[in-house]
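Engineer: what's the 3D shape of this:
(one chain, ligands or ions: 1)
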Amino acid sequence: MSTVLPFASPALAARLDAHATRLRSCAVRDLFGSDPRRYQALSVEAEGLLLDFSRQLLDRDAFADLVALAADSDVTAAAARLFAGDAVNNTEQRPALHVALRDPGGVPLLVAGTDIRALVAAERRRCRSFTAALRSGARVGATGRRFTDVINIGIGGSDLGPVMAVEALRSYAEPGVEAHFVSSVDGVQFADLAARLDPATTLVLVCSKTFTTTETLTNARLLRGWVAERLGEGAVPKHFAAVSVNETAMNEFGIGQDARFAMWDWVGGRYSMWSAIGLSIELAVGSAHFDALLAGAHSIDDHFRSAPPAGNLPLILGLLGVWNRNYLGCASHAVLPYDQRLHRLPAYLQQLSMESNGKRVRRDGRPVGWDTEPVLWGEPGSNGQHSFFQLLHQGTAAVSLDLLLPACSSVGLPESQNLAAANCLAQAEAFANGYRLADAERELRAKGLPPARVAGLAAHKVHPGNRPNSILAFERLDPATLGKLVALYEHKVFVESVIWDINPFDQWGVELGKRLADELAPAVRGELRLSGRPGTQALLDRLAAWREAPSRR
Ligand code: F6P
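Structural biologist: Numbering: from 1, shown residues only. Predicted coordinates for the structure are as follows:
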């Protein structure tokens, strides 16, 4: 794939290529040596977030030209169109106005002639009073008992944001209501929860923008049956709430008018945790914390629109993404939080990044001639260090890394967080600086190993270094900071999409599999045999045989 990106002038493209060629033969440790103020030049602190990208394989000149790439790509104008409500999702002919969900006011914002600020504010008020009623006991279940548990049913954007945030903000949970999540179509999560929760004290929140998603509807029907069987059919309206654009489907399901919340076409699923889709978060942590989450995200929106490019966090994060992907060949990007509370953040970012920018055609449908989104993955760093970090340090894959580091413990254990921080910083140094052959040999000789053993072992101890990594540090993982982190990554993804000339707001690539699953379901049940699909039918025959004659246990 070409390194020439669509909007870079020929002169800039040539300079960026030259930087990449030059830097590939440099060592990050030497770049620190040759620029005593490297950390100051290649780190930015704003809105309570500190992005230290001094361990990237980058120098001031290359960074300046990456900033120029953003200018050539007109990222600022594209951001203005996003915030103004232009139909930036061109294939679906819609705006993508998730930013309006966390914007407390300002001038009216019209979508198809309607001021959506008024709609957003009204729905926020409804969510707040629903939360208050549920938490105070003003709204109770069919038997008159208070709700103690909420089950959010949804998948993709109707699940990942709420799960991630509820986990991240456990230290801010308000007692009284616990949130649970059911997403997977296999029924496992439903079965586990049904076995331990009491329907009399459980509210089921069906979150589906479309209300047509098979996984969500299947689980909603299972939970409807669970409630109806235990409490009677009449209990269903009292125990179900829903968030969707699809009024008809909510009517058919029997969702009461006072328990349904609006979503809008102009909010993408993976950008929707700020809407009523976040109701399970609000129920778990309370409205004040949810408002702080929104305010945190809004502060990054303002920062993204107003900060100068060289100090603009989302812009820099996006440029680093482009640099590592297109110029340094990183086909994979790992997110490694040093706070266990963020254990679902990588999964959340997977959808955000890969469903948004995992594309192979440009906005006008022509094929791209450059690489787009890398595979994103990750785990809390502390655990990862004892497993896949081996590959990160010494494997052959080129992986770029974000290490997330709170200064303060999420659980009031400062010494534990000190150790987490020491590990995070140690890993960042090791990734960047590596460990040279000469150092390994010296270490082994100092241990008294015979020369033959030193020669045999030293190569195995070499860490090549130059693993591009950034540290994203902040004071503590509170609701506002979580909002900032998520908005930061949202805009990072947007910046990349502009530079790659792709639409980050559609997701046609998830449709084919859904259609095939619908077609195959009757064949799996044995209601029909497939013709012209011998491989799949052979597998189905084997599954059927296992079902008919289960092995004895
Ligand atoms: O299948 C992908 C997808 O459409 C995601 O984009 C979306 O977040 C998810 O399914 C759930 O969709 P819905 O909220 O309409 O059930």
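Engineer: State the number of residues packed around Arg325.
Structural biologist: 25 (other C-beta atoms under 10 Å). Using the backbone N, CA and C atoms, a C-beta is placed for each residue, glycine as well.
Engineer: Surely it and Val375 touch.
Structural biologist: No - checked against C-beta atoms under 8 Å, the pair Arg325 and Val375 is beyond contact range at 10.5 Å.
Engineer: between those two, what contacts are shared?
Structural biologist: 331, 333 (C-beta atoms under 8 Å, 6 or more residues apart in numbering).
Engineer: Name the surrounding residues that touch stretch 186-194.
Structural biologist: Residues contacting stretch 186-194 (C-beta under 8 Å, 6+ apart): 151, 180-183, 218-219, 222-223, 226.
Engineer: any chance of those in a markdown table, with neighbour count, distance to Arg525 and secondary structure too?
Structural biologist: Putting these into a markdown table (neighbours: other C-beta atoms under 10 Å; distance: C-beta to C-beta, whole Å; DSSP: H, G, I helix; E, B strand; the rest coil) gives the following:
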| residue | neighbour count | distance to Arg525 | secondary structure |
| --- | --- | --- | --- |
| Ile151 | 26 | 27 | strand |
| His180 | 20 | 29 | strand |
| Phe181 | 23 | 27 | strand |
| Val182 | 28 | 22 | strand |
| Ser183 | 21 | 23 | coil |
| Thr218 | 17 | 14 | helix |
| Asn219 | 25 | 18 | helix |
| Leu222 | 16 | 17 | helix |
| Leu223 | 23 | 22 | helix |
| Trp226 | 20 | 22 | helix |
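Engineer: Dump the residues you listed into TSV; add pLDDT as well.
Structural biologist: Shown next, in TSV, are the contacts of stretch 186-194 (pLDDT from 0 to 100):
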residue	pLDDT
Ile151	98
His180	98
Phe181	98
Val182	98
Ser183	98
Thr218	98
Asn219	98
Leu222	98
Leu223	98
Trp226	98
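Engineer: quick one: which of the residues you listed is nearest to Pro479?
Structural biologist: Phe181 (18.8 Å; C-beta to C-beta).
Engineer: From Val150, how far out is the closest one?
Structural biologist: Computed as C-beta to C-beta, to the nearest Å, the Phe181 to Val150 distance reads 10 Å.
Engineer: overlap in contacts of the two?
Structural biologist: Ser280.
Engineer: List, one by one, the residues from the stretch 301-450 of the chain near the ligand.
Structural biologist: Contact residues (C-beta under 6 Å from any ligand atom) of the stretch 301-450 of the chain with the ligand: Glu355.
Engineer: Just the pLDDT for the residue in the stretch 301-450 of the chain positioned nearest to the ligand.
Structural biologist: When distances are taken as C-beta to the nearest ligand atom, the stretch 301-450 of the chain reaches nearest to the ligand at Glu355, 5.9 Å away. Residue-level confidence at Glu355 comes out at 98, pLDDT.
Engineer: does it really touch Gln507, like I thought?
Structural biologist: Yes - between Glu355 and Gln507 there is a contact under C-beta under 8 Å: 5.0 Å.
Engineer: Distance check, Ala473 against Trp264.
Structural biologist: Taken as C-beta to C-beta, the span from Ala473 to Trp264 is 35 Å.
Engineer: What of Arg170?
Structural biologist: Using C-beta to C-beta, we find Arg170 at a distance of 30 Å from Trp264.
Engineer: Tell me who's in contact with Cys127.
Structural biologist: 261, 276, 279, 282, 287, 290.
Engineer: then the helix or strand hosting it to PDB, C-alphas only?
Structural biologist: Taking DSSP states H and E as the definition, Cys127 sits inside helix 116-136. C-alpha atoms of helix 116-136 as PDB (Å, rounded to 0.1, in the frame of the first residue of the first chain):
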ATOM      1  CA  ILE A 116     -32.200  18.900  18.200                       C
ATOM      2  CA  ARG A 117     -30.800  20.700  21.200                       C
ATOM      3  CA  ALA A 118     -34.300  20.900  22.600                       C
ATOM      4  CA  LEU A 119     -34.900  17.200  21.900                       C
ATOM      5  CA  VAL A 120     -31.600  16.300  23.600                       C
ATOM      6  CA  ALA A 121     -32.300  18.400  26.700                       C
ATOM      7  CA  ALA A 122     -35.900  17.100  27.000                       C
ATOM      8  CA  GLU A 123     -34.600  13.500  26.800                       C
ATOM      9  CA  ARG A 124     -31.900  14.200  29.400                       C
ATOM     10  CA  ARG A 125     -34.600  15.500  31.700                       C
ATOM     11  CA  ARG A 126     -36.700  12.400  31.200                       C
ATOM     12  CA  CYS A 127     -33.700  10.100  31.900                       C
ATOM     13  CA  ARG A 128     -32.900  12.100  35.100                       C
ATOM     14  CA  SER A 129     -36.400  11.900  36.400                       C
ATOM     15  CA  PHE A 130     -36.600   8.200  35.500                       C
ATOM     16  CA  THR A 131     -33.400   7.600  37.400                       C
ATOM     17  CA  ALA A 132     -34.600   9.600  40.400                       C
ATOM     18  CA  ALA A 133     -38.000   7.800  40.500                       C
ATOM     19  CA  LEU A 134     -36.300   4.400  40.300                       C
ATOM     20  CA  ARG A 135     -33.700   5.200  42.900                       C
ATOM     21  CA  SER A 136     -36.100   6.800  45.300                       C
END
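Engineer: Quick one: mean pLDDT over that helix.
Structural biologist: 97.
Engineer: Tell me if Ser470 really is in a strand.
Structural biologist: Yes - read with DSSP: H, G, I helix; E, B strand; the rest coil, Ser470 is one of the residues of a strand.
Engineer: Pretty sure His298 sits against Pro104.
Structural biologist: Yes - shown here, His298 and Pro104 form a contact pair, counting by C-beta under 8 Å, at 6.9 Å.
Engineer: which of those two has more neighbours?
Structural biologist: Legend: neighbour count by other C-beta under 10 Å for His298 and Pro104, higher for His298 (20 against 12).
Engineer: What residues are bridge-paired with Phe261?
Structural biologist: Beta-bridge pairing for Phe261 (DSSP bridges): Val243.
Engineer: No further questions, thank you.
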